[in-house]
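Peer 1: sequence-free structure coming up:
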């Protein structure tokens, strides 16, 4: 069966221009050959540390940024090359919830007007009128009717994010891209927003691309996970498999850094990555993780050479999955 969204070798390079020169002297490789899919009615979690290219990927899928190369297909239709005039129909089917609920809302626009904006932009008049549709959306996300004429500064962060979710739902999309929708919220409010998103998915069948760096939230919420590092996918698979038996050294390090709420918990297995994150303008050749990989220094010369030459295809971008677990255990002794 064809997935709802299929992304293949998606790339976004931002040119770097030297002062006084018109031509580019290099490029920031923000997204560099990313591939994944999202099934209808399911959630894909896209995780990784800050600066790895998660949000840029989301903006490419929304066509807020033009991809350098690669393929983006929605229900089998190529959309990476759509012209501006053709994007209106696409955005009826794909919407976005932004990371910062405050900056994503116009401070001079009432909440009711903000939620109605997608309907007016698309020229859609729903049964009962726009105002009735907006009130229905507000009720669905837990906002009161008297909030209709209020302005963003009168709301808490959690309420603003609910407004953003209602706005994204206005056109009944098939896919919503959630760009760290709970990272700016208190823990108790995070739980409310996550529960709201789950209820909406159960009721409407909408699919999510859930971008986050909080692994505990993603583990609870996502069906599949893609782990991203320096513009590339390191590991990709079912949530239970990735969390239960991670294969890539970076995934293992990322999971070992999840805080343990028990003060008496054993932290001896925590993997501390050494070195600085390489520049996306000049990433290592071959495996981009090689300069910080805790396994790589202990490899024999032949295996180490493979890291510098290429990246294997498949769901785990590592040549040494067969010995990674054993090698990591040796470094922790």
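Peer 2: Yep, it's here. Computed from a predicted structure; not experimentally measured. Residues are numbered from 1 along each chain as shown.

Peer 1: and the residue nearest the centre of this protein?
Peer 2: The centre of the chain sits closest to residue 211, judged by C-alpha atoms, centre = their mean, with a distance of 2.4 Å.

Peer 1: give me the low-pLDDT residue ranges for the stretch 1-150 of the chain?
Peer 2: Residues of the stretch 1-150 of the chain meeting the criterion pLDDT under 70: 19-22.

Peer 1: the residue nearest to the centre of the chain: what's it in contact with?
Peer 2: Going by C-beta atoms under 8 Å, 6 or more residues apart in numbering, residue 211 touches 45, 46, 47, 54, 55, 57, 58, 177, 178, 179, 180. In short, each C-beta sits where N, CA and C put it, glycine included.

Peer 1: quick check: nearest residue in space to the fourth one, chain neighbours excluded?
Peer 2: Residue nearest to residue 54 in three dimensions, not counting chain neighbours: residue 211, with 4.7 Å by C-beta to C-beta, 6 or more residues apart in numbering.

Peer 1: pairing partners for the one you found in the sheet, please.
Peer 2: Note on residue 211: beta-bridge partners residue 46, residue 179, judged by DSSP bridges.

Peer 1: next one: the top helix by length along the chain to chain centre, how far?
Peer 2: In the chain, with assignment by DSSP state H, the single longest helix is helix 187-204. Taking C-alpha atoms, centre = their mean, to the nearest Å, one finds helix 187-204 lying 17 Å from the centre of the chain it belongs to.

Peer 1: show the average pLDDT along that helix.
Peer 2: The average pLDDT for helix 187-204 rounds to 90.

Peer 1: show me what counts as buried in it.
Peer 2: 189, 190, 192, 193, 194, 196, 197, 200, 201 (16 or more other C-beta atoms under 10 Å).

Peer 1: equivalent analysis for stretch 218-236, please.
Peer 2: Applying 16+ other C-beta under 10 Å to stretch 218-236 flags 218-219, 221-236 as buried.

Peer 1: what residues does stretch 103-123 touch?
Peer 2: Applying C-beta under 8 Å, 6+ apart, the contact partners of stretch 103-123 are 88, 91-92, 95, 98, 125-126, 130-131, 133-134, 137-138, 143, 147-153, 155, 160, 163-164, 166-167, 170-171.

Peer 1: picking up where we left off before, what's in contact with the longest helix of the chain?
Peer 2: With contact meaning C-beta under 8 Å, 6+ apart, helix 187-204 is reached by 41, 43, 140-142, 156-158, 161-162, 165, 169, 172, 178, 181-182, 185, 206-208, 217, 220-221.

Peer 1: and the lengthiest strand in the chain, what's buried?
Peer 2: In the chain, assigned by DSSP state E, the strand with the most residues is strand 24-38. If you call a residue buried by 16+ other C-beta under 10 Å, then strand 24-38 has these buried ones: 27, 28, 29, 30, 31, 32, 34, 35, 36, 37, 38.

Peer 1: got it, and stretch 168-180?
Peer 2: By 16+ other C-beta under 10 Å, the buried positions in stretch 168-180 come out as 168, 169, 170, 171, 173, 174, 175, 176, 177, 178, 179, 180.

Peer 1: then stretch 118-125?
Peer 2: Using 16+ other C-beta under 10 Å as the test for burial, stretch 118-125 gives 118, 119.

Peer 1: in the buried residues of stretch 168-180, which has the lowest confidence score?
Peer 2: Lowest confidence among the buried residues of stretch 168-180: residue 180, with 89.

Peer 1: the residue lying closest to that residue once chain neighbours are set aside: neighbouring residues, count only.
Peer 2: Distances taken as C-beta to C-beta, 6+ apart place residue 99 nearest to residue 180, at 4.3 Å, with adjacent residues excluded. Residue 99 has 21 neighbouring residues, counting by other C-beta atoms under 10 Å.

Peer 1: low-scoring stretches of the stretch 201-333 of the chain, by residue?
Peer 2: 260-269, 328-333.

Peer 1: which stretches in it count as strands?
Peer 2: Applying DSSP state E, counting those that start in this stretch to the stretch 201-333 of the chain gives strands spanning 207-212, 224-229, 232-238.

Peer 1: any chance of those strands in TSV, with distance to residue 327 too?
Peer 2: Putting these into TSV (distance: least, C-beta to C-beta, whole Å) gives the following:
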stretch	distance to residue 327
strand 207-212	29
strand 224-229	18
strand 232-238	16
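
Peer 1: per the record, what domains does this structure have?
Peer 2: 41-64+83-229, 246-259+272-332 (automatic domain parsing).

Peer 1: out of those domains, the one nearest residue 23 is which?
Peer 2: Comparing the domains of the chain against residue 23 with C-beta to C-beta, the closest turns out to be domain 246-259+272-332 (15.7 Å).

Peer 1: how far is that closest one from where the chain is centred?
Peer 2: 22 Å.
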